[in-house]
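1. model this:
(one chain, ligands or ions: 1)
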Amino acid sequence: MSLNGQWFTEEVPVAGSAFSLKVKRKLHDAQSPFQRIEVYETEHFGNLMTLDGMVMLTTRDNFLYHEMMSHPALFTHPNPRRVLIVGGGDCGTLREVLKHPGVQKAEQVDIDEGVTRASQLFFPELCASNNDPRAALHFDDGIKWVRDAKPGTYDVIIVDSTDPIGPAEGLFSKQFYQDCWRALGPGGIVIQQSESPLYHMLLIKNMYEAIRGAGFADVSTLFFPQAVYPSGWWSATLACKDQPFDGFREDAAAARPFATQYYNAAIHRGALAAPEFFLSQVTE
Ligand code: SAM
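-> Below is the predicted model of the structure:
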């Protein structure tokens, strides 16, 4: 369906803001049991996927998010071998995780198979590692998956979910974090996309409270740009199961045997620097 010269717009009513991309045509439009999945061809951002009318990713700038959702956590854990991705149905995070040669198993659990099927069609570059023998794709509720996981199953859990509404709401609860705590092995780390520090500070504050209440020893947040998400300023919050964060494996990050477009040791270090207003709200 041609949309030449028209704009796709995502409005953020609570913030009185909106973000638009000029589109050429709509490539896909499907209603799954969980959400409406649409894909557009844009003029300057490649393909655009939206879920229930909210921007999920574009060809042009998804690297920012997928690299920051994977490499900081994996270079913080001393020896990440077993990784779980909750959500992540576009498979971009999975591809980044599998760049780490030390990872022995990467399980992805997205509730909606329709997202992965759309990504395979319109973002094939993100699905390039789906056939890696270390990868396992499951289509299930991540809340149930983590609840049913045996204690100590994972070294790193990456929660690459949609906003805390609908099926994703429970992924921001104390109960879910308690289940993550139990499913993580010693030194285990969970990282979760934690929305915009400018627009969603109350959510992040509640996340800190729930994560600490779930028994995690330390919590920290990474800040990074993400043009297509509300406010253009995004975050991912890390928590360590049983010890305070003490830097990250900088030498390994600097000597990493794979290419990135955004992540490097300096970016990692800088992303951990928290703004004053943020610290005043989350410091115990
Ligand atoms: N980058 C996006 C963002 O920050 O909003 C997230 C992208 S990823 C496509 C979000 C995924 O979370 C969707 O594919 C959705 O199906 C999945 N999801 C939502 N709730 C879930 C749940 N309870 N269990 C597993 N996957 C879930």
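2. quick one: distance of the helix or strand containing His138 to the chain centre.
-> Taking DSSP states H and E as the definition, His138 sits inside strand 135-139. The chain centroid and the centroid of strand 135-139 are separated by 16 Å under C-alpha atoms, centre = their mean, to the nearest Å.
3. just checking: what are the partner strands of it?
-> Strand pairing for strand 135-139, determined by DSSP bridges: strand 105-110 (parallel).
4. now do the buried residues in the helix or strand hosting Glu10.
-> For Glu10, the host element (DSSP H and E) is strand 2-12. Residues 8, 10 are the ones in strand 2-12 that count as buried (16 or more other C-beta atoms under 10 Å). From N, CA and C alone the C-beta is placed, and that goes for glycine too.
5. just the CA trace of it, in CSV.
-> What follows is strand 2-12, C-alpha atoms only, in CSV (Å, rounded to 0.1, in the frame of the first residue of the first chain):
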residue,chain,number,x,y,z
SER,A,2,1.6,3.2,-1.2
LEU,A,3,1.9,6.0,1.4
ASN,A,4,4.3,8.1,-0.6
GLY,A,5,5.2,11.4,1.1
GLN,A,6,3.1,10.5,4.2
TRP,A,7,4.3,10.4,7.8
PHE,A,8,4.1,7.6,10.4
THR,A,9,3.7,9.3,13.8
GLU,A,10,3.9,7.9,17.3
GLU,A,11,2.3,10.3,19.8
VAL,A,12,3.2,10.3,23.5
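6. pull up the pairing partners for it, direction included.
-> As defined by DSSP bridges, the strand partners of strand 2-12 come to strand 17-31 (antiparallel).
7. and the helices in this structure?
-> Using DSSP state H, the helices assigned to the chain run over residues 62-68, 71-74, 92-97, 113-122, 142-148, 174-183, 201-213, 250-254, 265-271, 276-282.
8. coming back round to it: in the strand holding His138, which residues are buried?
-> Of the residues in strand 135-139, 135, 137 count as buried by neighbour count, 16+ other C-beta under 10 Å.
9. check whether it comes near the ligand.
-> No: contact of strand 135-139 with the ligand (C-beta under 6 Å from any ligand atom) is absent, the minimum separation being 8.5 Å.
10. how about the CA coordinates for that strand, as CSV?
-> Taking C-alpha atoms only, strand 135-139 is exported to CSV below (Å, rounded to 0.1, in the frame of the first residue of the first chain):
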residue,chain,number,x,y,z
ALA,A,135,20.6,-20.4,19.7
ALA,A,136,17.2,-21.7,20.8
LEU,A,137,14.0,-19.7,20.0
HIS,A,138,10.9,-20.4,22.1
PHE,A,139,7.5,-18.7,21.7
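11. what lies in contact with it?
-> For strand 135-139, contacts defined as C-beta atoms under 8 Å, 6 or more residues apart in numbering pick out 91, 94, 98, 105-113, 116, 129-130, 145.
12. and the ligand, which of these contact it?
-> Among the contacts of strand 135-139, proximity to the ligand is found for 109-112 (C-beta under 6 Å from any ligand atom).
13. burial measure for Phe216, as a count.
-> 23 (other C-beta atoms under 10 Å).
14. so what's it up against?
-> 177, 181, 190, 239-241.
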